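Asks: here's my sequence, what's the structure:
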Amino acid sequence: MPLSGSASDADDRLKLDRQLCFPLYAATNLLQRLYRPLLAPLGLTYSQYLVMMVLWDRKSVSVGELQNCLYLDVGTLSPLLKRMERDGLVTRKRDPADERRVLVNLTPHGDKLKSAASQVPIMLAANFNSDPADMQQLYELSTTLVGRLSDAVTACKD
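Replies: Modelled structure (predicted):
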């Protein structure tokens, strides 16, 4: 197990192949590389695609809601949204009911991308040679891990 060990293997604790974080990091990088050619015809980066999926589902969200959905900090999300607005995918406006909140909305151009993007998960799945049951189990384990990590980050803030 990468996270356990006795004092006798203290030197091994910092080896890359013993870290839980590394296979997760590598998997994320490799997934993004698989997504890149699928998203390029849409003019989207992987991060933009994640924002668009939230907006295609909800139509309008606050920046804070996007932060919570995507586990991004405002320093990462703000420049991303600024580029997306420049590219005509979204608009950002102050909430008239609460000027402190910024609302993000799809533009007609951003909304039109949804039908083309609906093929992305199918094309991505074609790149995997995995049993659907294995993929479901991996999804469930990953979702559980994200929840636990989110709880740990929240606890660290207190």
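Asks: C-alpha only now, for contacts and for neighbours.
Replies: Noted.
Asks: quick check, residue 102 in a strand?
Replies: Yes - residue state for residue 102 (DSSP: H, G, I helix; E, B strand; the rest coil) corresponds to a strand.
Asks: which ones are touching it?
Replies: 62-63, 92-95 (C-alpha atoms under 8 Å, 6 or more residues apart in numbering).
Asks: please identify the helix or strand for residue 92.
Replies: Taking DSSP states H and E as the criterion, residue 92 maps to strand 90-95.
Asks: who touches that strand?
Replies: Contacts for strand 90-95 (C-alpha under 8 Å, 6+ apart): 81, 84-85, 100-107, 110.
Asks: for these, work out which two are farthest apart.
Replies: 100 and 110 (24.8 Å; C-alpha to C-alpha).
Asks: this protein: helices as residue ranges?
Replies: 21-39, 46-58, 63-70, 74-86, 108-117, 120-126, 132-157 (DSSP state H).
Asks: for those, could you give me TSV that also reports mean pLDDT and mean neighbour count?
Replies: TSV is the format used below for those (pLDDT from 0 to 100; neighbours: other C-alpha atoms under 10 Å):
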stretch	mean pLDDT	mean neighbour count
helix 21-39	95	14
helix 46-58	97	16
helix 63-70	95	16
helix 74-86	95	15
helix 108-117	96	14
helix 120-126	91	12
helix 132-157	91	11
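Asks: how about these in TSV, adding distance to residue 13?
Replies: TSV is the format used below for the helices of the chain (distance: least, C-alpha to C-alpha, whole Å):
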stretch	distance to residue 13
helix 21-39	13
helix 46-58	32
helix 63-70	30
helix 74-86	31
helix 108-117	42
helix 120-126	35
helix 132-157	20
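Asks: and residue 9, which of the ones you listed is closest to it?
Replies: Nearest to residue 9, of the helices of the chain and by C-alpha to C-alpha, is helix 21-39 at 18.8 Å.
Asks: list the contacts of that closest one.
Replies: Applying C-alpha under 8 Å, 6+ apart, the contact partners of helix 21-39 are 16, 45-46, 49, 117, 120, 123-124, 127.
Asks: with stretch 66-73 instead?
Replies: By C-alpha under 8 Å, 6+ apart, the residues outside stretch 66-73 that reach it are 50-51, 54, 74, 77.
Asks: okay, residue 86 and residue 28: tell me how far apart.
Replies: Counting by C-alpha to C-alpha, to the nearest Å, the gap from residue 86 to residue 28 is 27 Å.
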